[in-house]
Structures are given as structure tokens and as C-alpha cells.
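J.: Sequence first, then the predicted structure, then my questions.
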Amino acid sequence: MLVACAVSPVEETKARPRPGPGATAPRPNIVVLFADDAGYSDFGFQPDTAEDMRSLTPHIDSIAAEGAAFRAFYMSACVCSPSRAGLMTGRYQQRFGHEKNIPPGYMKGGMDLAEATLADRLGEAGYETALVGKWHLGYPDPYHPNERGFDWFMGCLQGSRPYLEMEEPTPHRVLLRDRTPTPEGGYVTDRFGDAAVEFIEKEREEPFFLFVSFTAPHGPLQPRPGDVELPELASIEKKRRRNYAGLVKAMDDNVGKVLAALDRAGVAGETLVLFTNDNGGQTQTAAVNLPLRGRKGQLYEGGIRVPAALRWPGVVAPGTVIEAPAISLDLTPTFLAAAGSAPESGAELDGVDLTAALRGDASGPLAERSLFWRRSGSAGPIAARRGRWKLLLNDRSESPELFDLVADVSESSDVAAEHPAVVAELMAELRAYEAGLMEPLWP
């Protein structure tokens, strides 16, 4: 495993080694803006935007307008912690037993310490690294962000917390600066935005990797005081949906802060910015995933397909649309390629470099490769997608369902009986995929 040093204040971040002469230049800064439980249709840049959200996300929408919008971007899991483990490692998280959410207060482990993280790898490539916001990949000290490649951390270790001040914050819900608890006060989404700006504004000679992991719009539904009185929110009839929309608006405002900070620092033109979401929208807290079927926790499209937009000046033409399926596992090889680096010897990554597709080359391998999902171990639901076809086994004792996602993105018609050869091929691929997995390491 790659080892990164733990450091404290932003001002004391340790300088990284410069990459060798084989690296490409210029190497972009990399900023990931990560939402939590947001609905597929709850952003203005989406093709089927929910009407009540159409004007609430101008800053997030600008990333798509100035770069690329993905129409079939997936997370490798349908719940929070496993999806983060897949993104951070570039590997199907079930390969190392990270298949379920880490329970609150769980002190017996976390994301496998033998797995190198994206921050480890970019740190080795000479990047300064920071995580702002939610971690949810382990509570004991060896699993702390500072021990997993992040030079600087400001956020909470647990999967969620109130947005408003807590009277008695628990150790895993209090906001930390590295390992030091900070006083309560201020709206949490705003505090994350301010911390991200602080990191961007630091003087540096090396490029940086900044992962801004918002808790919004995950519950509790606590909008910023006063926001629900704004005309664009007050017009939303249902209170729960109105409060949810307030969480999304606050997140978009803080995405705007980050983009403005990049402009002020004079680095917007040399920064790759990705916005996406950790799993399918949680409809139980008022997210909308239409026209997709399902929600967070399920392997229907509504549980795993997420909004995604990427801006990379000089590489991605404004207004690009990528229809081919892509997955969060692709981010590690893509970001490493952008950094002029490569995975360490022996790394067994499950994603591919998206750079060619981002440049507009539609002839690459994206459309015809197979993607896989599993939840809750070898007895739980499992799914595969290859090209237009998606095979889903929600119940291992029943026959699989087959959907044509090009003709039926809502997964309303099971066509398994009409395409037995496709079913057989995908079932064989699923068996081969599952042979390389572990059972979940925690309940």
C-alpha cells in the first residue's frame, strides 16, 4: 500500500515530490464535488429535470454547460459507504468486503488498509490532497483520512449529522480539522464550502486534489434558516420536498463558492471539476429519480445511476454529452492519467481511463464492457449491465429480469424470455465476477 504522511494545518502541508520527465504537462488540479442521496432528476442539467428544481442549481448546471454531462453514470454501490470505497480505490469494493454501510460507532475496522486510495496515488504523483466533508470509511485512527492519503481534512467521520448546531456532538459527528474537534456553529454545508475555499486559496507550487464530500441533501431535512421563505422554495407545495430543495440549494450555493474561488485564484482554466452523487436518490426524503425506477438501496437504475458533470478546460468541449455507460471506478485511472501518472505495480483496477471519451472519441470500450453490482453478499441482489442490456436478480430463488435500457430506461418491461442467449451470457459473466468477491465484513 502507498503511504502518505498525516499533517495538520493547511499552511503546513508537506510538499510532494515532483513527477519525473515522463509526466504530461500541464497537470490539472482536480476537484470532486460529491452530493449525498440526491435525486437523479433534481438538477437543471439533467434531461428530465423535475420542474420544481429547474432553476435551483445554476452553479452545478454550469459545470455541465462548460464541459460534459454524463447520461449513464453509475456508482459501484447503491448506498453511501460502499460507493465511497469503490470510488476511492478504483476497485469493486466487494473484492475487499466493503459491501455494507459502516454502522455508527463501529470500531472493528473500515476500508481495507491494504487498498491504496485515490489520495494516496495522487499524493505520490506530487499532488497536495484535501478532503472536506463526509468520510464514512472508518472511525478508528488507522482509517482516518489523514492516514489514507489526505494531507488535510475538515469534516465528520460518520455518514451524516445535523446541519444545524448540535448541543452535544458525538466524536464521529463533530466537525474535525484533521483530528481536532471544532466548535459547533454555522450551517454545516456553508462550513464545508468555506473550508474548500480556504484550501483553494492556499499558496502552493504543486497541483492539488480536493474532494468536497457534502452531506447534502442526505437527511435530516434541515434547510438553511430563512431559505424556505425564498420565492423559488416557498412555491414548492409539499413541506418535505421544500425542505429537501433547500438542502440542494445550499449545496449549489457552496458549489458556486468553490467555482468562484478557483476563478479568484486564477486556476479555473487548469482545474478538472467533477460533480456527481454517491448513490441513487433517496425518495423517502423527497428526492426524485424519474424516469428511473427505484431508489437508494436498490439495484434498479434509480439506486445506482447518478447525475454527473465534468468540466476540464482545453480537454472537454463545452456542451459535450456522453451517452455510453461510465462508473465511479473509472475516476482513478482517469485522474491518474490527467496527473501524468499510473497505478502502482500490481494494482488491479476495475475502471478505465475516460479521457478519450471526454475528448469526444465514441469508439472506445465504454459501451460494450460489462459493469456489475451486488448488495448484501452472495445471497443478496446482483446485477450486470453490458451495452443496452441489464440483467437483475433481486431474489436469488427466482429467474433474472432482463431490461433493454435504451428502449426502456424505466425498467418497466422484463424481456428475459425474448432474449435467452443474452440472459445466459450475462449470467455467466455475473458468476465470474462473483467468484472474485468476499462476503461483507460487517453486519
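T.: Here it is on my side, so go on. Since we're looking at a predicted model, the values are computed, not measured.

J.: From here on, just use CA atoms for contacts and neighbour counts.
T.: OK.

J.: For burial, what's the neighbour tally of Leu292?
T.: Here the number of neighbours of Leu292 (other CA atoms under 10 Å) works out to 22.

J.: Now for it: which residues touch it?
T.: 40, 300-302, 409-411 (CA atoms under 8 Å, 6 or more residues apart in numbering).

J.: Got phi/psi on the closest residue to Asn101 other than its chain neighbours?
T.: Leaving out its chain neighbours, the residue that sits closest to Asn101 by CA to CA, 6 or more residues apart in numbering is Ser81, at 4.9 Å. In terms of degrees, to the nearest 10, the main-chain angles of Ser81 are phi -60, psi -50.

J.: so where's this protein shaky on pLDDT?
T.: Scanning the chain for pLDDT under 70 picks out 1-25, 362-365, 367.

J.: how about the helices in it?
T.: 58-65, 80-89, 118-124, 188-200, 231-234, 239-264, 301-304, 331-338, 355-358, 420-434 (DSSP state H).

J.: Looking at the ones you listed, which is nearest to Trp389?
T.: helix 420-434 (8.0 Å; CA to CA).

J.: List the buried residues for that closest one?
T.: 422-423, 426-427, 429-430, 433-434 (16 or more other CA atoms under 10 Å).

J.: Same question for stretch 139-159.
T.: Buried, per 16+ other CA under 10 Å, within stretch 139-159: 139, 143-159.

J.: How much space separates the residue nearest to Asn101 from Gly219?
T.: 15 Å (CA to CA, to the nearest Å).

J.: what's the burial count for the closest residue to Arg396 other than its chain neighbours?
T.: Take Arg396 and drop its neighbours on the chain: the residue closest to it by CA to CA, 6+ apart is Ala379, 6.6 Å away. Residues lying near Ala379 (other CA under 10 Å) number 13.

J.: I'd guessed Ala379 sits against Asn394; true?
T.: No: the criterion here is CA atoms under 8 Å, and Ala379 misses it with Asn394 at 9.7 Å.

J.: that older thread, what's the farthest-apart pair in the contacts of Leu292?
T.: Pairwise distances across those (CA to CA) peak at 15.1 Å, for the pair Tyr40 and Glu411.

J.: more neighbours, these two?
T.: More neighbours surround Tyr40 than the other of Tyr40 and Glu411, with 32 against 22 (other CA under 10 Å).

J.: phi, psi of the more buried one?
T.: phi -60, psi -30.

J.: Next up, the contacts around the closest residue to it other than its chain neighbours.
T.: Nearest non-adjacent residue to Tyr40, counting by CA to CA, 6+ apart: Asn289, 4.5 Å away. Shown in contact with Asn289 (CA under 8 Å, 6+ apart): 39-42, 280-281, 283, 295, 302.

J.: again, but for Pro325
T.: Neighbours of Pro325 in contact, by CA under 8 Å, 6+ apart: 71-74, 366-367, 387.

J.: and Phe43, how many neighbours?
T.: A count of neighbours around Phe43, defined by other CA under 10 Å, yields 26.

J.: what's the spacing between it and Ala324?
T.: 20 Å.

J.: swap in Pro183?
T.: For Pro183, the distance to Ala324 - CA to CA - is 45 Å.

J.: Please say which of these two ends up with more neighbours.
T.: Neighbours were counted for Pro183 and for Ala324 using other CA under 10 Å; Ala324 has more, 18 against 12.

J.: Contacts only, for the more buried one.
T.: 71-72, 366-367, 387.

J.: Tell me which of those fall in strands.
T.: Under the assignment DSSP state E, those contribute 71-72 to strands.

J.: Compare the contacts of Ala324 and tell me which has the most neighbours.
T.: That'd be Leu366 among the contacts of Ala324, by other CA under 10 Å, with 21 neighbours.

J.: Now Gly377: closest residue in space, sequence neighbours ignored.
T.: Glu439 (5.2 Å).

J.: quick one: the one you found from Asp52, how far?
T.: From Glu439 to Asp52 the distance is 42 Å (CA to CA).

J.: ditto for Arg369
T.: In terms of CA to CA, Arg369 sits 36 Å off from Asp52.

J.: Mind checking which of these two has more residues around it?
T.: Counted by other CA under 10 Å, Arg369 and Asp52 do not tie: Asp52 has more neighbours, with 18 against 13.

J.: rewinding a little: which one of Ser81 and Gly219 is surrounded by more residues?
T.: A direct count of neighbours by other CA under 10 Å for Ser81 and Gly219 places Ser81 higher, at 26 against 20.

J.: Make sure the more buried one is actually in contact with Ile102.
T.: Yes: counting by CA under 8 Å, Ser81 does reach Ile102; the two are 6.5 Å apart.

J.: who touches both of those two?
T.: Joint contacts of Ser81 and Ile102 (CA under 8 Å, 6+ apart) are 136-137.

J.: what residues go with each domain of the chain?
T.: 10-367, 371-434 (automatic domain parsing).

J.: closest to Pro443 out of those?
T.: Using CA to CA, the domains of the chain put domain 10-367 closest to Pro443, at 7.2 Å.

J.: distance of the residue nearest the centre of the chain from Gly256?
T.: For the chain, Asp278 is the residue whose C-alpha lies nearest the centre (CA atoms, centre = their mean; 4.2 Å). Taking CA to CA as the measure, Asp278 and Gly256 are separated by 20 Å.

J.: just Trp152 next, same as before
T.: For Trp152 relative to Gly256 (CA to CA), the value is 22 Å.

J.: How about Leu358?
T.: 23 Å.

J.: One more: Arg177?
T.: 23 Å.

J.: can you count the residues close to Val267?
T.: By other CA under 10 Å, neighbour count at Val267 equals 16.

J.: Ser83 contacts Met75, doesn't it?
T.: Yes: taking CA under 8 Å as the definition, Ser83 is a contact partner of Met75 at 6.0 Å.

J.: wait, Arg241 sits on Val288?
T.: No: applying CA under 8 Å, one finds Arg241 not in contact with Val288, separated by 9.4 Å.

J.: Who has more neighbours out of the two?
T.: Set side by side, Arg241 and Val288 show more neighbours around Val288, with 24 against 19, by other CA under 10 Å.
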